[in-house]
Structures are given as structure tokens and as C-alpha cells.
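Engineer: Sequence isn't available, so here's the structure alone:
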């Protein structure tokens with residue numbers, strides 16, 4: 001990690017739900033919460049709890065020096081709505097293949 005930059009990953013104690021236009025895209029009691037310096041908390045959801053049948057793989061890839069290379073998925077009206085790290089850096093290995101959405105309800 002870079003000095004002053006910190007990432008922690010831990011099991012979430014919250015029920016996480018992703019809804020877009022009235023449709024449930026994901027719902028989980030097994031999400032991981034990732035806290036990263038300077039970023040909002042992000043919930044990473046196991047693929048078994050995500051409606052993968054509604055998502056289309058995107059050609060977009062981004063690189064984070066702390067997490068690795070992310071792959072993205074889209075809805076017809078929401079490009080690159082979801083991302084995951086298929087081969088994350090060792091410090092965040094727990095998030096491998098878990099999916100993260102921009103907008104999540106956690107309660």
C-alpha cells in the first residue's frame with residue numbers, strides 16, 4: 001500500500017440490495033464491504049446473489065494500483081453499471097469475482 005492509503009475488506013453485517021427501475025439486480029446477506037481511503041464504502045456481492053442473466057459483459061476495463069484490473073457489465077440503459085476484479089491484488093483477494101454496483105441499498 002502507498003503511504004497514507006489503506007484498504008480493508010470485511011464481511012458486511014447488513015442486508016444489501018440493488019434495485020434499478022423497480023427490478024432487483026442483486027440481494028445478499030453475504031456481501032463484503034471494502035473501505036478505501038478517499039472513497040465511499042463499496043459492497044462486493046457474491047455472483048450467486050446477482051442476477052447475472054440481466055447483465056451483459058462490457059469491453060471496459062480499468063486499472064487500480066491497489067485492487068488490480070476491473071471488468072465491467074452493463075444493462076441496456078446503464079453502461080458499465082457493475083464491476084468486478086477477476087484477479088485482484090493479494091491485499092484484497094477476498095473480492096475475487098464479487099460484483100460491485102454504483103448504487104446499493106444497505107440496511
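Structural biologist: Cool, the structure landed. The shown structure was predicted, so the numbers you read here are calculated from the model rather than taken from an experiment.

Engineer: Quick one: the strands in this protein, in order.
Structural biologist: With DSSP state E, the ranges of strands along the chain come out as 7-11, 16-20, 23-28, 32-36, 42-45, 56-64, 68-75, 78-84, 99-101, 105-106.

Engineer: any idea which of these scores lowest on pLDDT?
Structural biologist: Sorting the strands of the chain by mean pLDDT places strand 105-106 lowest, at a mean of 71.

Engineer: ok, that one: who's next to it in the sheet?
Structural biologist: Taking DSSP bridges as the criterion, strand 105-106 forms sheet pairs with strand 16-20 (antiparallel).

Engineer: Enumerate the positions of the partner strand that are buried.
Structural biologist: 16, 17, 18, 20 (16 or more other C-beta atoms under 10 Å). Placement of C-beta: from N, CA and C, glycine included.

Engineer: can you check stretch 24-33 too?
Structural biologist: Applying 16+ other C-beta under 10 Å to stretch 24-33 flags 25, 26, 27, 28, 31, 32, 33 as buried.

Engineer: could the strands of the chain be laid out in TSV, adding distance to residue 90?
Structural biologist: Output for the strands of the chain, formatted as TSV (distance: least, C-beta to C-beta, whole Å):
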stretch	distance to residue 90
strand 7-11	11
strand 16-20	25
strand 23-28	24
strand 32-36	15
strand 42-45	16
strand 56-64	14
strand 68-75	9
strand 78-84	17
strand 99-101	19
strand 105-106	27
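
Engineer: closest one to residue 91 among those strands?
Structural biologist: Among the strands of the chain, the nearest to residue 91 by C-beta to C-beta is strand 7-11 (6.4 Å).

Engineer: Give me the angle between the closest one and strand 32-36.
Structural biologist: Angle of strand 7-11 versus strand 32-36, following axes from the mean of the first three to the mean of the last three C-alpha atoms, to 10 degrees, is 160 degrees.

Engineer: tell me what strand 7-11 is packed against?
Structural biologist: strand 32-36 (3 or more C-beta pairs under 8 Å, 6 or more residues apart in numbering; DSSP states H and E).
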